[in-house]
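Participant: could you work out the structure for the sequence below:
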Amino acid sequence: MKIISFLLVQFISLATYSQKNNNEKLNVQNVTISGIVKDLKNGETIFGASIYIKELQVGTSSNEYGFYSLTIPVGNYTLVISHQGYKLVTDSIKLVENISTNFSLIENSKELQTVIVSTNKKRSEIKNTEMSVNKLSVQTIKQMPVVFGEVDILKSIMQLPGVTNAGEGQSGFNVRGGSADQNLVLLDEATIYNSSHLFGFFSVFNADAIKDLKLYKGGIPARFGGRLSSVLDIYQKDGNKENFKVQGGVGLISSRLLAEGPLKKERGSFILAGRGSYGHLLLKLSGNKNAAYFYDINTKLNYKINDKNKLFLSGYFGKDVFDLNGGFINTYGNSFGNLRWNHLFSDKLFSNLSLIYSDYYYGLVVNYFGIEWNSNIKNFNVKYDFKHYLTKATKLTYGLNAQYYTFNPGKVDPIDNKSGVVSTQLDKKYAFEPALYLDIDQKIFKKLTINYGLRYSMFYRLGNQNINVYANNNAVVFNDNFKIYEKAKPIGVAKYGKNETIAKFNNPEPRVSISYAFNENKSVKASYNRMAQYLHLISNTSSPTPLDIWAPSDNYFKPQLLDQFAIGYFQNFKDDIYSVEIESFYKKIKNKVDYIDGAELIANNALEQVILNGKARAYGLEFMLKKNSGALSGWISYTLSRTEQQTQGRSANELGINEGKWYKSSYDKLHNFSATVMYKRNRKWSFGSIFTLQSGQPATFPNGQYQYQGITVPSYGLRNENTLPMFHHLDISATLTPQKRQSKKWKGEWVFSIYNLYNRSNAASINFKQNKDYGTNEAVRFSIFGIMPGITYNFKF
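Facilitator: Below you'll find the predicted structure:
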């Protein structure tokens with residue numbers, strides 16, 4: 001905290017002194033123009049709008065709440081305000097004193113079905129320090145063909161360079177070789193612990209309720225922390241402040257409905273959205289007693305108290321149910337609530353205070369064994385963030401946040417008194433994670449901009465809990481005779497009372513990004529960031545499942561630490577119709593959790609007995625070519641990368657995992673190619689297509705077999721020496737917007753889609769077994785999706 005305070009005071013003093021000296025030398029008086037950028041039609045604030053001063057060739061962008069501030073010398077200027085999907089606004093203004101000016105942008109209907117980015121916005125992206133960052137508009141996402149015709153934000157970001165997942169029907173996503181739990185997924189600033197419905201078939205994000213999203217893969221700002229690989233930052237709509245509106249969609253297996261409108265005109269608004277699937281009803285009609293369905297609700301209220309104060313209340317509740325004929329029932333879901341207060345201290349200082357509650361629940365009912373299993377993770381988060389627009393060249397972002405966690409790894413209860421099951425509660429765990437941060441964005445001179453900052457994170461593993469004590473503090477021992485790792489036997493127990501510190505950690509996390517612009521259209525950028533992650537997802541599968549549990553860092557689960565370096569070249573050409581991004585990255589991770597062979601993770605009250613701490617590395621090259629405007633738009637992305645991990649022996653006689661050698665991680669994809677194309681033929685018809693080609697997922701296949709008491713037992717070599725076959729599929733969609741019978745109030749469209757057009761049987765796994773007819777061994781490919789048609793009717797009124 002002292003470091004942050006010292007840096008902040010020193011920098012503000014230096015910046016203020018420097019600015020004052022410059023003004024005195026030049027005898028220039030500075031004034032500030034600030035305000036809000038919003039949508040004219042619905043009053044929705046616009047995040048990331050560009051405010052550009054032509055004469056000075058300087059600009060800024062609106063923050064998450066639409067606020068902007070720019071300090072410049074007095075004079076006559078031409079302001080250009082722009083944002084993707086909106087008409088350009090040009091305004092001549094005479095600045096002689098500090099003023100507040102709001103801008104309302106008009107949505108450009110011609111751009112609704114194409115990706116069009118204004119010139120000024122693209123040029124500002126060339127010059128700013130952001131790299132390894134991808135943004136997708138909701139309009140673009142809605143054009144992309146997906147399974148069952150349901151718009152899916154997660155499937156959309158997987159078409160970006162460096163982003164993959166474990167395969168079809170798999171939960172979560174992987175960024176630059178990181179595991180799914182290394183992604184910080186935020187919805188209105190609240191943590192989402194499981195981002196998928198129905199084990200990965202759908203995402204938990206209802207695209208109708210989403211306003212903005214941004215994916216950080218590197219160069220991550222200091223205000224974010226707690227995860228290593230990426231930040232997916234998503235904001236919900238505020239709601240229409242002008243008129244009451246309804247929109248929705250009806251599909252083959254799911255439907256959605258959204259209502260929004262003013263609470264008090266120009267003062268406040270609300271949004272309420274619901275979504276649910278009903279494919280299980282079709283199964284029941286056919287006599288199938290199995291069921292799998294989900295539903296979720298998004299809501300948000302906002303109210304403007306006065307020009308300096310706004311309140312926001314947002315929430316989400318989602319639930320999944322997977323039922324196998326009543327004998328096995330799995331339920332899981334996310335929920336959160338967030339109360340936010342925006343306050344404007346001055347035209348240069350914006351603040352936001354957030355009080356957030358998040359909960360992820362997962363449960364099982366197994367009638368065969370007569371048990372009910374309930375687990376969850378809860379966290380309470382307080383955030384106070386400030387944006388300080390010091391000068392036209394310098395902006396500060398600083399703040400603090402503190403999170404308190406409660407981990408319930410599992411409680412087993414009998415379904416009835418006849419089962420004979422005894423109620424058992426695995427040890428609950430508690431933790432506290434405070435952090436302070438300072439981020440400085442500074443334009444050194446016309447061509448060079450730098451962003452540098454520091455996050456100082458702390459973590460306290462707290463009681464109430466009894467902790468096993470082991471000889472030499474080793475919960476895992478090495479058996480020299482069999483050359484394998486085994487569980488150690490505790491030699492005692494250490495008792496910790498409520499809120500007593502079991503373990504504590506602190507880590508400075510420096511961040512820096514630099515941009516050098518050769519001209520308006522070309523730049524090179526470089527970044528470095530250190531991240532610390534104190535939570536671990538306990539899973540030995542390649543993608544998250546509802547049964548996975550989260551665990552805090554302690555004396556055995558060490559915090560994961562990442563150092564990432566990236567460098568890139570960025571260029572716009574042909575009047576910004578085309579843009580190209582080329583990035584290379586290298587990252588290394590300390591304390592990567594690895595599991596001993598045969599590790600048992602479910603209902604294990606001593607997980608430290610099956611894990612070792614290793615290290616990981618990932619490196620690669622990313623390429624992206626985009627066509628930003630015109631009837632035909634889209635992008636091509638390609639990533640060449642390698643992801644490996646290593647767990648060496650703790651002493652000379654220990655082999656380590658995989659003989660202590662580097663091996664491919666489960667998230668390694670050497671090649672990842674995607675082509676996304678959108679074509680608007682006319683007002684009536686538009687088309688979309690996606691082609692995806694990836695290297696197969698790493699796997700470990702048998703390399704031999706032996707006989708033991710008449711049983712054939714397979715033998716295996718080193719970990720992940722093999723790979724599944726190449727993964728690829730082509731998806732297409734067509735959107736029909738009828739021109740006849742379209743009233744001013746009611747608007748509708750039909751979306752036809754085909755997933756996996758040529759019916760590729762992509763391998764989710766390969767199992768080896770003995771052919772009963774011939775007695776020979778054979779490999780059997782297991783696939784999830786073949787060709788999948790979909791149709792959805794979308795409407796709004």
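
Participant: quick one, helices of this structure?
Facilitator: 2-26, 119-127, 138-141, 153-157, 279-285 (DSSP state H).

Participant: quick one, what contacts Asn381?
Facilitator: Residues near Asn381 by Cβ atoms under 8 Å, 6 or more residues apart in numbering: Ala190, Thr191, Ser354, Leu355, Ile356, Tyr357, Ser358, Asn401, Ala402, Gln403, Tyr404. Where C-beta positions appear, they are placed from N, C-alpha and C, glycine not excepted.

Participant: just the buried residues of these.
Facilitator: The neighbour count (16 or more other Cβ atoms under 10 Å) marks Ala190, Thr191, Ser354, Ile356, Ser358, Asn401, Gln403, Tyr404 as buried among these.

Participant: ok, those residues vs Phe369, which is closest?
Facilitator: Closest approach to Phe369 among the buried ones among the contacts of Asn381 (Cβ to Cβ): Ser358, at 30.9 Å.

Participant: who's the closest one bridged to?
Facilitator: Phe336, Asn379 (DSSP bridges).

Participant: what does Ala532 give?
Facilitator: With DSSP bridges as the rule, Ala532 is bridged to Leu561.

Participant: which ones are touching it?
Facilitator: The neighbours of Ala532, taking Cβ under 8 Å, 6+ apart as the test, are Gly225, Gly226, Ser457, Phe459, Phe505, Asn507, Glu509, Pro559, Gln560, Leu561, Leu562.

Participant: in TSV: the residues you listed, plus pLDDT, neighbour count and distance to Lys217.
Facilitator: TSV is the format used below for these (pLDDT from 0 to 100; neighbours: other Cβ atoms under 10 Å; distance: Cβ to Cβ, whole Å):
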residue	pLDDT	neighbour count	distance to Lys217
Gly225	96	24	15
Gly226	96	20	16
Ser457	98	22	20
Phe459	98	25	24
Phe505	98	17	25
Asn507	97	18	21
Glu509	97	21	17
Pro559	97	20	21
Gln560	97	26	17
Leu561	98	19	18
Leu562	97	24	12
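
Participant: would TSV of those residues with distance to Arg642 be doable?
Facilitator: Compiled in TSV, those are given as follows (distance: Cβ to Cβ, whole Å):
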residue	distance to Arg642
Gly225	27
Gly226	26
Ser457	29
Phe459	31
Phe505	30
Asn507	27
Glu509	25
Pro559	25
Gln560	19
Leu561	20
Leu562	16
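
Participant: for this protein, which spans come out with low pLDDT?
Facilitator: For the chain, the stretches with pLDDT under 70 are 1-28, 109-124, 147, 282, 286, 542-547, 740-743, 775.

Participant: from the chain's centroid, how far away is stretch 676-687?
Facilitator: 29 Å (Cα atoms, centre = their mean, to the nearest Å).

Participant: got the end-to-end distance for stretch 314-333?
Facilitator: The straight-line separation of the ends of stretch 314-333 (Cα to Cα, to the nearest Å) is 17 Å.

Participant: quick revisit: of the contacts of Asn381, which belong to strands?
Facilitator: Using DSSP state E to define strands, the subset of these located there is Ala190, Thr191, Ser354, Leu355, Ile356, Tyr357, Ser358, Asn401, Ala402, Gln403, Tyr404.

Participant: isn't the second one right up against Asp181?
Facilitator: By that I understand Thr191. No: using Cβ atoms under 8 Å, Thr191 is not in contact with Asp181; the gap is 11.5 Å.

Participant: I'd like the distance between His83 and Asp359.
Facilitator: In this view, His83 and Asp359 are 35 Å apart by Cβ to Cβ, to the nearest Å.

Participant: settle it for me: which of those two has more neighbours?
Facilitator: Higher neighbour count among His83 and Asp359: His83, with 26 against 19, using other Cβ atoms under 10 Å.

Participant: tell me how far the more buried one lies from Ala517.
Facilitator: When His83 is compared with Ala517 (using Cβ to Cβ), they lie 21 Å apart.

Participant: what of Gln442?
Facilitator: Taking Cβ to Cβ, one finds Gln442 at 15 Å from Ala517.

Participant: before we move on, what about Gln533?
Facilitator: Gln533 is 33 Å from Ala517, by Cβ to Cβ.

Participant: for Tyr404, same thing?
Facilitator: The gap separating Tyr404 from Ala517 is 44 Å, by Cβ to Cβ.

Participant: with Asn381 instead?
Facilitator: Separation of Asn381 from Ala517 (Cβ to Cβ): 37 Å.

Participant: ditto for Ser354
Facilitator: Distance, Ser354 to Ala517, by Cβ to Cβ: 34 Å.

Participant: likewise for Val713?
Facilitator: For Val713, the distance to Ala517 - Cβ to Cβ - is 63 Å.

Participant: between these two, tell me which one has more neighbours.
Facilitator: The neighbour count for Val713 versus Ala517, taken as other Cβ under 10 Å, is higher for Ala517 (19 against 11).

Participant: quick check: nearest residue in space to the more buried one, chain neighbours excluded?
Facilitator: Distances taken as Cβ to Cβ, 6 or more residues apart in numbering put Ser523 closest to Ala517, at 4.3 Å, once the chain neighbours are dropped.

Participant: what is the neighbour count of that neighbour?
Facilitator: For Ser523, using other Cβ under 10 Å, the count is 24.

Participant: report the beta-bridge partners for it.
Facilitator: Applying DSSP bridges, one finds that Ser523 bridges with Ala517, Phe570.

Participant: correct me, but it touches Lys127?
Facilitator: Yes: in this structure, Ser523 is within contact of Lys127 by Cβ under 8 Å, at 6.5 Å.

Participant: any shared contact partners between the two?
Facilitator: In contact with both Ser523 and Lys127: Ser515, Ala517, using Cβ under 8 Å, 6+ apart.

Participant: how many other residues sit next to Thr692?
Facilitator: A count of neighbours around Thr692, defined by other Cβ under 10 Å, yields 20.

Participant: contacting residues around it?
Facilitator: Met158, Gln159, Phe673, Ser674, Phe727, His728, His729, Leu730, Asp731.

Participant: got the contact list for the residue nearest to the second one when sequence neighbours are not counted?
Facilitator: In space, Gln159 comes closest to Ser674 once its chain neighbours are excluded; the distance is 4.5 Å by Cβ to Cβ, 6+ apart. Remark: with contacts taken as Cβ under 8 Å, 6+ apart, Ser674 is in contact with Met158, Gln159, Leu160, Ile636, Ser637, Tyr638, Ile690, Phe691, Thr692, Leu693.

Participant: can you do 10 Å?
Facilitator: Residues in contact with Ser674 (Cβ atoms under 10 Å, 6 or more residues apart in numbering) are 158-161, 163-164, 624, 635-639, 690-694.

Participant: how much space between it and Asn381?
Facilitator: Taken as Cβ to Cβ, the span from Ser674 to Asn381 is 34 Å.

Participant: could you give the bridge partners of the most centrally placed residue in the chain?
Facilitator: Centroid-nearest residue in the chain: Leu232, 2.7 Å away (criterion: Cα atoms, centre = their mean). Listed beta-bridge partners, Leu232: Val185, Leu215 (assigned using DSSP bridges).

Participant: is it true that it touches Lys214?
Facilitator: Yes: assessed by Cβ atoms under 10 Å, Leu232 is found in contact with Lys214 at 7.8 Å.

Participant: CA atoms of stretch 511-529 as CSV?
Facilitator: The C-alpha trace of stretch 511-529 is given here as CSV (Å, rounded to 0.1, in the frame of the first residue of the first chain):
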residue,chain,number,x,y,z
ARG,A,511,2.4,-4.2,-16.0
VAL,A,512,3.7,-2.1,-18.9
SER,A,513,2.6,-1.6,-22.5
ILE,A,514,4.3,0.6,-25.1
SER,A,515,3.1,1.8,-28.5
TYR,A,516,5.2,3.5,-31.2
ALA,A,517,3.2,4.8,-34.1
PHE,A,518,5.1,5.3,-37.4
ASN,A,519,2.2,7.2,-38.8
GLU,A,520,-1.6,7.2,-38.6
ASN,A,521,-1.8,3.7,-39.9
LYS,A,522,1.2,1.7,-38.6
SER,A,523,2.5,0.9,-35.2
VAL,A,524,4.5,-1.6,-33.2
LYS,A,525,3.6,-2.5,-29.6
ALA,A,526,5.1,-4.4,-26.8
SER,A,527,3.8,-5.5,-23.4
TYR,A,528,4.8,-7.3,-20.2
ASN,A,529,2.5,-8.3,-17.4
